[in-house]
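Peer 1: this is the structure alone, sequence omitted:
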């Protein structure tokens, strides 16, 4: 199966986003308040919509895309997992279709193969993965993060639980976060001709 978009834009994150008349990026204050109304730039939304349309044209689900592109499963295993479920796994990844965020705020996602949206478990696993991959967040001053779980109405990957993790480095300019985030071991895996 060929990738539907260039590898740099390979969809790893497929979730609902506000498409109204918002004209400003989401602020750290909105994220911290819990009053997050997700929004993408017009170009980001266009690219995201094209990718979703491509999945739909191939009768593929967003869950299939996550199993294949984030968890690295071949086509047969991904289909099996969509239909029957898979053993519990977790991945912390960057977001190719991230929200439009104010400068200095970064977004990660924590995906689970678990279909159950247990807020406490998602928050706990997100923190565990942050500690594993970015111990600096816990040992150095200046870092902040918020774990956000979209309400059911804003989820386009309804069959796989996941959390949005927003981070900022409030004391350092330039931020140390891009260097830390670049260390994540789970990179996007473009689909190949064979579908694996």
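Peer 2: Happy to help now that I have it. Just so you know, these numbers come straight off a predicted model, no measurement behind them. Numbering: from 1, shown residues only.
Peer 1: please count neighbours and contacts with C-alpha atoms only from this point.
Peer 2: OK.
Peer 1: on the three-state scheme, residue 107 is what?
Peer 2: Of the three states, residue 107 takes strand under DSSP: H, G, I helix; E, B strand; the rest coil.
Peer 1: and the pLDDT for it?
Peer 2: Residue 107 carries a pLDDT value of 95.
Peer 1: quick check: beta-bridge partners of it?
Peer 2: With DSSP bridges applied, residue 107 shows beta-bridge pairing to residue 166.
Peer 1: residue 184 contacts residue 93, doesn't it?
Peer 2: Yes - with contact defined as Cα atoms under 8 Å, residue 184 reaches residue 93; the gap is 7.0 Å.
Peer 1: neighbour count winner among these two?
Peer 2: residue 93 (22 against 14; other Cα atoms under 10 Å).
Peer 1: quick one, phi/psi of that one?
Peer 2: Main-chain torsions, residue 93, degrees, to the nearest 10: phi -140, psi 160.
Peer 1: separation between it and residue 141?
Peer 2: Relative to residue 141, residue 93 is positioned 23 Å away (Cα to Cα, to the nearest Å).
Peer 1: tell me where this protein has helices.
Peer 2: Per DSSP state H, the chain carries helices over the ranges 28-33, 42-57, 62-69, 75-84, 119-133, 136-139, 177-181.
Peer 1: and of these, who's closest to residue 103?
Peer 2: Of all the helices of the chain, helix 28-33 sits nearest to residue 103, with 9.5 Å by Cα to Cα.
Peer 1: which elements pack onto that closest one?
Peer 2: Here helix 28-33 touches no other helix or strand, going by 3 or more Cα pairs under 8 Å, 6 or more residues apart in numbering; DSSP states H and E.
Peer 1: could you pull out the buried residues of that helix?
Peer 2: Within helix 28-33, the residues that count as buried by 16 or more other Cα atoms under 10 Å are 28, 31.
Peer 1: same thing with stretch 33-49?
Peer 2: Within stretch 33-49, the residues that count as buried by 16+ other Cα under 10 Å are 38-41, 44-45, 47-48.
Peer 1: what's the answer for stretch 139-148, then?
Peer 2: Across stretch 139-148, burial judged by 16+ other Cα under 10 Å covers 143, 145-148.
Peer 1: just give me the closest of those to residue 124.
Peer 2: For the buried residues of stretch 139-148, the residue nearest residue 124 by Cα to Cα is residue 147; the value is 9.5 Å.
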